[in-house]
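*Asks:* Here's a sequence, model it:
(one chain, ligands or ions: 1)
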Amino acid sequence: MATTELDVPDISCDHCASAIRQALTPQPGIAAVQVDVAGKRVTVEYDERLLALTRIEALLDEEGYPVESAAGSVA
Ligand SMILES: [Cu+2]
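*Replies:* Below you'll find the model as predicted:
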């Protein structure tokens, strides 16, 4: 399992947070999605065998929330 923190500057309110959760949560391999509105940050816990980080970034981009940077760890 891997955990990644994504900086997503366009997050501005709870609507953004729920849109992001709804875009990511149904994807195979996603274990948990946390959106920090104040910090403009998305924390994703996922199975890196099922889902690549680039795919997560692409999904956010498609939703209208481009990722500025990502910091991750695999545990
Ligand atoms: Cu919003």
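*Asks:* Run through the helices of this protein in chain order.
*Replies:* 14-24, 53-63 (DSSP state H).
*Asks:* Could you measure from the nearest residue to residue 49 once chain neighbours are set aside over to the ion?
*Replies:* Counting by CB to CB, 6 or more residues apart in numbering, residue 29 is the residue found nearest to residue 49 once chain neighbours are left out, at 7.4 Å. Quick note: C-beta positions are derived from backbone N, CA and C, even for glycine. Separation of residue 29 from the ion (CB to the ion, to the nearest Å) stands at 26 Å.
*Asks:* cool, residue 52 as well?
*Replies:* From residue 52 to the ion the distance is 26 Å (CB to the ion).
*Asks:* what number of residues lie near that residue?
*Replies:* Residue 52 is flanked by 12 other residues according to other CB atoms under 10 Å.
*Asks:* Now it: phi and psi?
*Replies:* phi -90, psi 150 (degrees, to the nearest 10).
*Asks:* which bits of the chain sit near the ion?
*Replies:* Residues of the chain lying close to the ion (CB under 5 Å from the ion) are 12-13, 15-16.
*Asks:* Turn those into TSV, including pLDDT.
*Replies:* Below are the residues of the chain next to the ion laid out as TSV (pLDDT from 0 to 100):
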residue	pLDDT
12	97
13	98
15	97
16	98
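*Asks:* By neighbour count, which of the residues you listed wins?
*Replies:* Counting neighbours by other CB under 10 Å, residue 16 comes out on top of those with 19 neighbours.
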